[in-house]
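In: Please find the sequence and the predicted model below.
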Amino acid sequence: MVKYSEPALDRTFAALADPTRRAMLTMLQRGSQSVSALAHPFSISLPAVMKHVDVLANAGLISKKKVGRTVACTLASGPMQHATEWLRCYERFWDESLDRLDGYLQTIQRGDSDGHDRPRS
């Protein structure tokens, strides 16, 4: 069995697995936000929001900066770019597989399922 582990990529995908964290990342696309602003749309406690923020920060997806009593969060692009590059390998695989399937289906539609013309009766 092949085991592949890349800790940074593992942390990125683990962080992205949660819909609340994905929603927070979407909010941060508009610019830096305080933890309180990130918490606003969710019906969860502030400590729960802080845990989500910590997971995102530990994965490197956001950076946190404390200014007085406020913690500002900013989107960080590095880990997401790494995950995107990793996924692109599979995008090529699926594109090629779907192209082969399309070719096969076109062959069947023409009535040539084995690649040769059938004798006509």
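Out: Cool, got the structure.

In: Going by C-alpha atoms from here, please, whenever you check contacts or count neighbours.
Out: Fine.

In: can you give me the strands in the chain?
Out: Assigned by DSSP state E, the strands in the chain fall at 33-34, 62-67, 70-75.

In: Include mean neighbour count when you put those strands into CSV, please.
Out: Compiled in CSV, the strands of the chain are given as follows (neighbours: other Cα atoms under 10 Å):
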stretch, mean neighbour count
strand 33-34, 18
strand 62-67, 15
strand 70-75, 19
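
In: ok, the residue nearest to the spatial centre of the chain to Asp10 distance?
Out: Note on the chain: the residue nearest the mean C-alpha position is Leu16, at 6.1 Å, using Cα atoms, centre = their mean. Remark: distance between Leu16 and Asp10 (Cα to Cα, to the nearest Å) = 10 Å.

In: try Gln81
Out: 14 Å.

In: wait, what's in contact with Leu25?
Out: By Cα atoms under 8 Å, 6 or more residues apart in numbering, the contact list for Leu25 reads Leu75.

In: and if we set it to 10 Å?
Out: 16, 19, 38, 53, 56, 61-62, 73-76 (Cα atoms under 10 Å, 6 or more residues apart in numbering).

In: if we can go back for a sec, shared neighbours, Leu16 and Asp10?
Out: Ala59.

In: Have a look at Gln81 and Asp10 and say which one is more surrounded.
Out: When neighbours are counted by other Cα atoms under 10 Å, Gln81 and Asp10 differ, and Asp10 comes out ahead with 14 against 11.
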